[in-house]
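Colleague: predicted structure and sequence below. I'll ask about it afterward.
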Amino acid sequence: MFFCCSTKKKKPAMRPQIEVHTSNQSTNNTMNLSTDRSNNFNEEIKRFIKNKGDKTIDDERQLIKKLVQLSDQTHLINQIWSMKYTDYLQNNGPKPGPIDNKELIQKLKDNVAEEGRDYDCIPELVWNFVVEIYTGGPVVLKPEEQLIQSLRVFPSPSLHSIKDSYTNFKELKSQDLQIVGLRNQKYFCYINSLLQCWMGIGVMNNYIFNLPITESQQYLWSFLTLIQKVQQTQFAHSISASKLIQLLTKTFSGYQMHDSQEVMLFLLEKFKSEMQKKAYIRDQAPSQAQESYIQYCRNNNNFVDELFFGQLTSSIQCKYCNSESNQHDPFYDMSLPVDGKTFMSQTITLNDCLKLFFKDDIIETWSCGQCNKKNNKIKRKTKISHTPNILILHLKRFRQYPQKMKVNEPVTIQQELDISSYCFQDVKDTKYKLIAMILHSGSIDQGHYVAVVNRKDKNQKESFYLFDDEEVQILHQSCLNKIDSVYILFYHKV
């Protein structure tokens, strides 16, 4: 749980509704994960369970550390059990018994559960592992996980199929907004910083202004209302994004600080679903699903995909028949690892984080679909096969499990970025320019978000501005070069 450093902690009056799966069965059969990387760790979990009699607490600790680094927090677990397990791993305390989420479910139904006090958020792979080892349950999911997964897991078309689906960034029309601050009455700096970054993306503003939006499209309408208010402001130093915040507090408690990246993906999915004319059919053959998605792109005026859609392709080549297996994974942002111990130099650059993200994986065992032979310790290479018009890079600074912590290593940013070395050779548009970033200061329990955005003044002069809720000031280049607490970066194609 995050608390804003600039406000006092208040008694919660509203909490998110949690989706609860009340089956008492364990998740022995739920390890159905979408990527080769997840499958690889799934296999490692199965090997651990099969040989758990020979495994030590140190082996378990190392496996948990791996799973936490590669997964998002999607499942909820009873805080008391979580503390016992953390004590067991870190201090060799007593081994915890079965997981019991029944009391947590009741608290969630009564709307009195609080993250960090009653429950912790953990990755799916961690949940799958601990419920196999320690048994218990039931499964409890975060509500926004269903929305966020739809951004990341839909079957994607091949590179050659989507090349003509989206407009070149240089051909997109842009509309600049007036520069104003956003008032923060509670814990909304995580929302304000995101909105300031988006209002600095002129092509996004232009799309919103020109879409036929109605009040029934609540999230789009609220964002449109905000940017209309910005344009109509005459002398106000700051305004409030009240309508959009009121909607968001139905899911994200208004008395807690949340994560800007989490809210960003949530809103993108809401925007996308409100523009969607046809439901996307998922339960069909892969080739049909690809054609369905291509048709969906053509039939929907979808600025979310137009601006933010990118695609990663992972490749494995069989050692015996040389056939190549490719997996296509869509993304709206890329979550880059930040770990000072991994890098040789004391200064970490954004390119260092990208290199670590695209480092070849070693797959322990993989069966070729052509010759059916098993390959051991085979390399899997991942590269970008479709570059988004707006590239969003998220630095993984927050860890929730098994110990809550913030990764504070400074990361040097680059205002101009060339990602050609991480793309396939036939991908041409690989150069980007920085337009906005979200910074986070403080700890994981008490922090504050601000935005730095490249904006034009009334005379069309470009400068980077610091948006700290209602306070706005120009940042000189010397100050910009010293920024090292970046959390999310937004780049556009040049």
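Modeller: Sure, I can see it. Every value quoted in this text rests on a predicted model; they were computed, and no experiment measured them.

Colleague: local confidence estimate at the closest residue to K170 other than its chain neighbours?
Modeller: Nearest-residue entry for K170: K493, 7.4 Å, with adjacent residues in sequence omitted and distances by Cβ to Cβ, 6 or more residues apart in numbering. All C-beta spots, glycine's among them, are computed from the backbone N, C-alpha and C. Note on K493: pLDDT of 95.

Colleague: now do the same contact list for K493.
Modeller: Residues in contact with K493 (Cβ atoms under 8 Å, 6 or more residues apart in numbering) are 169-170, 387, 389-391, 429, 431-433.

Colleague: make TSV out of these and add distance to L350 and secondary structure.
Modeller: Below are the contacts of K493 laid out as TSV (distance: Cβ to Cβ, whole Å; DSSP: H, G, I helix; E, B strand; the rest coil):
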residue	distance to L350	secondary structure
F169	20	helix
K170	24	helix
T387	16	coil
N389	19	coil
I390	16	strand
L391	11	strand
D429	19	coil
K431	14	strand
Y432	11	strand
K433	13	strand
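
Colleague: quick one: which two of those residues are the most distant?
Modeller: With Cβ to Cβ as the measure, no two of these lie farther apart than K170 and L391, at 15.1 Å.

Colleague: can you tell me which of the contacts of K493 are buried?
Modeller: By the neighbour-count criterion of 16 or more other Cβ atoms under 10 Å, these include these buried positions: 169, 387, 389-391, 429, 432.

Colleague: low-confidence ranges in this protein?
Modeller: Counting by pLDDT under 70, the chain has low-confidence residues at 1-41, 69-72, 142-168, 235-236, 254-255, 277-301, 340-346, 401.

Colleague: 50 instead, please
Modeller: Scanning the chain with the threshold set as pLDDT under 50 gives 1-36, 144-164, 278-293, 296.

Colleague: got the CA positions of the helix or strand hosting I105 in PDB?
Modeller: In this assignment (DSSP states H and E), I105 forms part of helix 102-109. In PDB, the C-alpha atoms belonging to helix 102-109 read as follows (Å, rounded to 0.1, in the frame of the first residue of the first chain):
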ATOM      1  CA  LYS A 102     -11.800 -17.400   4.300                       C
ATOM      2  CA  GLU A 103     -11.600 -14.500   6.800                       C
ATOM      3  CA  LEU A 104     -10.100 -12.300   4.200                       C
ATOM      4  CA  ILE A 105     -13.000 -13.000   1.800                       C
ATOM      5  CA  GLN A 106     -15.500 -12.000   4.600                       C
ATOM      6  CA  LYS A 107     -13.600  -8.700   5.200                       C
ATOM      7  CA  LEU A 108     -13.600  -8.000   1.400                       C
ATOM      8  CA  LYS A 109     -17.400  -8.700   1.300                       C
END
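
Colleague: what is the following helix or strand past that helix packed up against?
Modeller: Downstream of helix 102-109, the first helix or strand assigned by DSSP H and E is strand 119-123. When contacts are defined as 3 or more Cβ pairs under 8 Å, 6 or more residues apart in numbering; DSSP states H and E, strand 119-123 packs onto helix 57-70, strand 73-78, helix 79-91.

Colleague: relative to R183, which of those is closest?
Modeller: The nearest among those, by Cβ to Cβ, is strand 73-78 at 29.7 Å.

Colleague: give me the angle between the helix holding I105 and strand 119-123.
Modeller: Angle of helix 102-109 versus strand 119-123, following axes from the mean of the first three to the mean of the last three Cα atoms, to 10 degrees, is 100 degrees.

Colleague: how about helix 102-109: buried residues?
Modeller: 104-105, 107-108.

Colleague: counting contacts, what elements does that helix pack onto?
Modeller: Looks like helix 102-109 contacts strand 19-20, strand 73-78, strand 140-141 (3+ Cβ pairs under 8 Å, 6+ apart).

Colleague: how about the ones you listed, which one is nearest D176?
Modeller: Once these are compared by Cβ to Cβ, strand 73-78 is nearest, at 36.6 Å.

Colleague: what about I122, how many residues close to it?
Modeller: Other residues near I122 number 25, with proximity taken as other Cβ atoms under 10 Å.

Colleague: if we can go back for a sec, of the contacts of K493, closest to D418?
Modeller: K431 (5.1 Å).

Colleague: distance of the closest one relative to C479?
Modeller: Using Cβ to Cβ, to the nearest Å, K431 is found at 25 Å from C479.

Colleague: ok, now M83?
Modeller: Distance, M83 to C479, by Cβ to Cβ: 42 Å.
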